[in-house]
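Below: sequence and its predicted model.
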Amino acid sequence: MMDILVVLEDKSGNIHRMSQEAIAGAQQIGGECGLSIGVLALGENAPALAEQASQYAVEEILSLENKYLFNYTADGFAAAVAQVVSSENPKYVFFGHTYQIRDYVPRVSAKLKRPFLNDIVSYSVQGGKPVFSKQAFNAKLVTALQLIDDSPCIVSFQSAAFSSDTIQSGLASVRSVTVNIDAGSIKTVPEDPFQETAGGVDLSSADLIVSIGRGISKEENISIAQELAKAMGAEIASSRPVVDSGWLPPHHQVGSSGQTVAPKLYLALGISGAIQHVVGMKGSKNIVVINKDPDAPLFEIADYGVVGDLLEIVPKLTEAIQAFKN
């Protein structure tokens with residue numbers, strides 16, 4: 001029997017980075033609270049995901065294959081996960097808080113009649129049990145949540161709540177499990193694998209991000225940042241004012257009302273650093289800020305900062321990267 005069950009998400013045949021973070025969180029919480037850990041891999045690539053997860057320090061891997069899970073549907077995945085949770089009866093069920101999880105896990109919660117503690121950013125331990133914390137009112141408040149009645153407790157963790165770099169290695173056994181899914185219960189039409197956003201911009205999995213703010217001055221200047229991102233192999237993101245101005249679609253927005261990211265490098269161009277933006281990117285491993293305002297709040301959390309005109313600096317940086325690559 002496992003106390004914590006971590007449900008994996010498939011990212012092109014590999015474990016999604018935010019699922020890895022959830023495993024790291026399970027190991028940390030499990031170690032402090034004396035809880036055993038299991039992992040569930042499901043879908044078309046379940047065997048491959050299970051094999052990858054078996055290299056982690058957990059008790060057991062569950063591998064679930066079913067023809068109704070080969071293409072993602074909220075109905076199919078919710079039915080499968082709910083059945084596995086009912087049969088395995090863990091105390092906690094952990095997920096990374098991706099768009100796919102937001103889509104189907106509320107249905108799991110409804111099927112099991114159990115609460116869903118979503119978008120958790122941290123935890124503490126009281127009385128030998130975890131207390132989960134999430135931000136509220138644009139990160140101005142923190143809410144502490146602890147389940148006091150019967151398990152299971154369903155929890156999803158915000159990006160960078162834990163670091164995947166801290167996952168402990170091990171060797172776990174793999175057990176195949178089955179579920180019964182009624183074809184008639186799947187009311188949605190299977191399409192391409194669920195993307196993080198409608199536009200396919202998966203900022204939550206990006207290693208490199210170039211993010212632009214109001215300091216870009218006008219829409220025509222966005223191409224300067226896009227050329228830099230192309231040279232770096234990075235994704236383009238933005239602060240809310242850029243989206244509100246209609247210069248970029250909403251799925252590029254980072255912050256409390258956009259996506260939460262934790263790339264290896266977050267290059268902020270002309271972003272002052274409002275708290276609503278900071279909460280969405282503060283987990284980045286390296287933060288580089290270019291801004292002509294030396295008092296911009298984002299410099300306070302930057303690893304590296306350049307005070308200057310981004311319209312002059314960025315083209316030179318792009319040229320230098322292109323020259324280095326050539």
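Done, it's in.

can you list the residues that contact the longest strand anywhere in the chain?
Counting by DSSP state E, the longest strand found in the chain is strand 129-136. Here strand 129-136 makes contact (C-beta atoms under 8 Å, 6 or more residues apart in numbering) with 29, 32-33, 92, 117-125, 141-146, 155, 158, 256, 279. Using the backbone N, CA and C atoms, a C-beta is placed for each residue, glycine as well.

so how far is that strand off the chain centroid?
From the chain centre to the centre of strand 129-136 is a distance of 17 Å (C-alpha atoms, centre = their mean, to the nearest Å).

Which residue ranges of the protein form helices?
Along the chain, the segments classed as helices by DSSP state H run 17-33, 46-53, 74-88, 99-112, 222-232, 240-244, 275-278, 310-325.

And the second one, what's buried?
It refers to helix 46-53. Residues of helix 46-53 classed as buried: 46, 48, 49, 50, 52, 53 (neighbour count, 16 or more other C-beta atoms under 10 Å).

now swap in the last one and tell me
Of the residues in helix 310-325, those buried under the neighbour-count criterion (16+ other C-beta under 10 Å) are 310, 313, 314, 317, 318, 321.

from the buried residues of helix 46-53, which is closest to residue 10?
Checking the buried residues of helix 46-53 against residue 10 with C-beta to C-beta, the nearest one is residue 49 at 6.1 Å.

ok, now which ones touch residue 108?
Contact partners of residue 108, counting by C-beta under 8 Å, 6+ apart, are 78, 81, 82, 85, 93, 116, 154.

Okay, now stretch 262-281: how far is its last residue from its first?
End-to-end distance of stretch 262-281: 6 Å, with C-alpha to C-alpha, to the nearest Å as the criterion.

Buried among the contacts of strand 129-136? Need that as a selection in PyMOL.
The PyMOL command for the buried members of the contacts of strand 129-136 (criterion: 16+ other C-beta under 10 Å) is given here:
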select buried, resi 29+33+92+117+118+119+120+121+122+123+155+158+256+279
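
ok, back up a step: would you indicate which residues of the longest strand of the chain are buried?
Neighbour counts over strand 129-136 (16+ other C-beta under 10 Å) mark 129, 130, 132, 133, 134, 135 as buried.

re earlier: want to try a markdown table for the buried residues of helix 46-53, with distance to residue 227 and pLDDT as columns?
Compiled in a markdown table, the buried residues of helix 46-53 are given as follows (distance: C-beta to C-beta, whole Å; pLDDT from 0 to 100):
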| residue | distance to residue 227 | pLDDT |
| --- | --- | --- |
| 46 | 40 | 98 |
| 48 | 36 | 98 |
| 49 | 36 | 98 |
| 50 | 41 | 98 |
| 52 | 36 | 98 |
| 53 | 39 | 98 |
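
Make a markdown table from the residues you listed and add distance to residue 284 to it.
Shown next, in a markdown table, are the buried residues of helix 46-53 (distance: C-beta to C-beta, whole Å):
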| residue | distance to residue 284 |
| --- | --- |
| 46 | 31 |
| 48 | 29 |
| 49 | 26 |
| 50 | 30 |
| 52 | 25 |
| 53 | 26 |
